[in-house]
Structures are given as C-alpha cells and as structure tokens.
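[1] show me how the following folds:
(one chain, ligands or ions: 1)
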Amino acid sequence: MTNASAPAFGGNAGMSSQYLEVRDLRVTFDGFTAVDGVDLTLMQGDLRFLIGPNGAGKTTLVDAITGLVPATGSVAKSGVELIGKKVHKIARLGVGRTFQTASVFEQLSVLQNLDIAAGAGRSALTLLRRRGSVSPRIEEALEITGLGHLRDKPAGILAHGQKQWLEIGMLLVQNADVLLLDEPVAGMSHDEREETGNLLRRIGGERTVVVVEHDMDFMRAFATSVTVLHAGKVLAEGTVEQVQADPKVQQVYLGTASAAEPEPTATKETENA
Ligand SMILES: Nc1ncnc2c1ncn2[C@@H]1O[C@H](COP(=O)(O)OP(=O)(O)OP(=O)(O)O)[C@@H](O)[C@H]1O
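    Presented below is the predicted three-dimensional model:
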C-alpha cells in the first residue's frame, strides 16, 4: 500500500530515491530546434510542473524523454541512460506518460483496462478473469485512483476526469515511477481538477511526477516546483512564488491568453489548497 509522504520542493530524498537527470537535451525538426539544450533534475517526491507558452517545447521534451522523437544529450533515470532506447524499453524501465487525449479501451471494463496495462505477456484468457483474482497491484491502483466502485463498468461510460485517472492507474500498474502527464486537467470540471490534484499528491510522494500544464490556478494549488520553458530553453525554475516573481517569466507571459496572471509582486500566498 502506498502510504506516501506528500510531495515537497526538492523531493523526498531517501536512501533509494529515484531521479531523472536531463542534460543538454536537444530535439531538432528539419533545422528547427524545438528543445534547445535543456537541463533538468527531477527528484522523486517533487511534484514538478512544466509550464510555458504555446510552442515552448513542453510536449516535445516529454516526447524526447519517452523516446517518441530522436534527441541528443542525456536523459538518465537513476543512472540508466534512456536516449537511444526504444519507446517500449523506456516504458519498461518505469517511465510512463499520458497524452492530452485519454486513450482507454472504451468497450472494456475499468478492471480489464488495468489488467491489460499490467499484463504484458499474459494470455487474452486472463481478461476473462473472475473477480477475486485481482492482483494487489491492480487493487492498489483502483484504490489510489478512486475507481474501485467502477471496476466492472465499461471505461466508455466514465466521466472525462475518470478516464484520465484510469490512464494514470494504467501507468501505476505498469510500475511506472516516473510519470509525465500532458495537460491532465484540460477540459475538467472544478471538482475533477481538485480530485486530480489530490491524486497527484497521493502518487507524487514516492514517484517522480511531471505535469505539463497551462492551468495556472491548478499549478499554484498543487506544484511543489516549477520549470518554465520558453523557445526550447529553461527560462526559470523554482518554487511557485519564485517563478511567479521572476520578471523574465512575467515578460514571456505578458499578453498571452492562456497564461493567466503571474503576479507582479514578489510576495504571493495563494497557492496550496
Ligand atoms: N513533428 C514536428 N515537426 C516539426 N515541428 C514540430 C513537431 N513537433 C513540434 N514541432 C514544433 O516544435 C515547437 C514546440 O512544440 P511543442 O508541441 O513541444 O510545444 P508545447 O510547449 O508543448 O506547446 P503547447 O503548449 O501548445 O502544447 C513548436 O514550434 C512546434 O511547431
């Protein structure tokens, strides 16, 4: 059972802490450099939000870490180099991601979705498993995501937020301990956002969680650290307060519609629910 400590700035450093170390990462598309020498150190237990204007390179950075686009530089997960490895190998090393649109099997039940995610190498017959033989890992994912009461329902009937939680559950049963979530609360109701933030707190204490997000209120409420990307480079990094008070960040966001309102003052105290 995951009885995690809450995420905290700098992570919950312990003897066996995991980390992701990105060094001089570069991605180029036909001469255009979308990720331009990014350095990032992500510690287990630090709920990191990755923000930046449209086109800053956030999704491309996640794509590079997960092997979806070729990149140069280094991405090391607790010392193991990921650059050059295939997507499935990186996933097997415990690096999982979600996309902006949830991709669950709508006809299958919540349990079956989790079972498929967990069951690399098992026969299709296991999909017909009887209740009672659910693995502890799946039970834990059901509990953490709060989807236990919906386990036998087809995923297609789930609310938008619940589908995103199921996707996160699918990463958990794959034993992902680095989770990269691309705009997880886009299109969610206020209550769903709150629930999602609490879910991130539950999973974030013992894992490395990176949230790509445009929703600044959500970021303020739940981030323990923030990296701001701009034009493929890291523009600023720190606590929510530090980043909001950074004139470079304010300048980049000035006049952009979705970026909300980095505060002009250095003292800001609205975050943390
Ligand atoms: N496959 C591709 N081929 C060419 N250019 C691309 C490709 N993918 C992304 N880009 C470009 O790279 C830049 C970064 O895009 P990316 O989607 O990573 O930004 P982002 O910060 O995630 O933006 P958003 O917040 O709008 O999702 C953009 O200029 C985009 O047009």
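
[2] below-threshold pLDDT in the stretch 101-250 of the chain: ranges please.
    120-132 (pLDDT under 70).

[3] can you tell me which residues in this structure are near the ligand?
    Within the chain, the positions near the ligand by Cβ under 6 Å from any ligand atom are 29, 32, 34, 52, 54-60. Quick note: C-beta positions are derived from backbone N, CA and C, even for glycine.

[4] go with 5 Å
    Residues of the chain found near the ligand (Cβ under 5 Å from any ligand atom) are 29, 34, 54-60.

[5] what subset of those residues is buried?
    Buried members of the residues of the chain next to the ligand, scored by 16 or more other Cβ atoms under 10 Å, are 34, 56-60.

[6] pLDDT for those - can I get that in TSV?
    Converted to TSV, those look like this (pLDDT from 0 to 100):
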residue	pLDDT
34	98
56	96
57	96
58	96
59	96
60	97
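
[7] helices - which of those land there?
    Under the assignment DSSP state H, those contribute 58-60 to helices.

[8] just give me the closest of these to residue 175.
    residue 59 (24.0 Å; Cβ to Cβ).

[9] hmm, residue 49 is touching residue 219, no?
    Yes. Contact criterion Cβ atoms under 8 Å: residue 49 and residue 219 qualify, at 4.7 Å.

[10] picking that back up, tabulate the ones in helices among the buried ones among the residues of the chain next to the ligand (CSV), appending distance to residue 201.
    Listed next are those as CSV, based on distance: Cβ to Cβ, whole Å:
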residue, distance to residue 201
58, 22
59, 24
60, 27
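
[11] out of those residues, which comes closest to residue 108?
    Of all these, residue 59 has the smallest distance to residue 108: 27.4 Å, by Cβ to Cβ.

[12] between residue 49 and residue 219, who's got more neighbours?
    More neighbours surround residue 49 than the other of residue 49 and residue 219, with 25 against 22 (other Cβ atoms under 10 Å).

[13] what does the helix or strand harbouring the more buried one rub up against?
    Assessed by DSSP states H and E, residue 49 sits inside strand 48-51. Around strand 48-51, the neighbours that count as contacts under Cβ atoms under 8 Å, 6 or more residues apart in numbering are 42, 58, 61-62, 208-214, 216, 219, 222-229, 243.

[14] stretch 230-245 now?
    9, 27, 33-40, 51-53, 56-57, 60, 219-220, 223-229, 246, 248-250, 252, 262-263, 265-268, 271.

[15] alpha carbons of stretch 234-248, as CSV, please.
    Written as CSV, here are the backbone C-alpha positions of stretch 234-248 (Å, rounded to 0.1, in the frame of the first residue of the first chain):
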residue,chain,number,x,y,z
VAL,A,234,14.6,26.6,-19.5
LEU,A,235,13.7,30.2,-18.7
ALA,A,236,13.2,29.8,-14.9
GLU,A,237,12.9,27.2,-12.2
GLY,A,238,12.0,27.2,-8.5
THR,A,239,9.0,27.3,-6.2
VAL,A,240,5.7,28.7,-7.5
GLU,A,241,6.5,32.0,-5.7
GLN,A,242,10.0,32.3,-7.2
VAL,A,243,8.8,31.6,-10.7
GLN,A,244,5.8,34.0,-10.5
ALA,A,245,8.1,36.8,-9.2
ASP,A,246,10.6,36.3,-11.9
PRO,A,247,10.5,39.3,-14.3
LYS,A,248,11.6,37.0,-17.2
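
[16] now residue 180: how far from residue 95?
    Distance, residue 180 to residue 95, by Cβ to Cβ, to the nearest Å: 7 Å.
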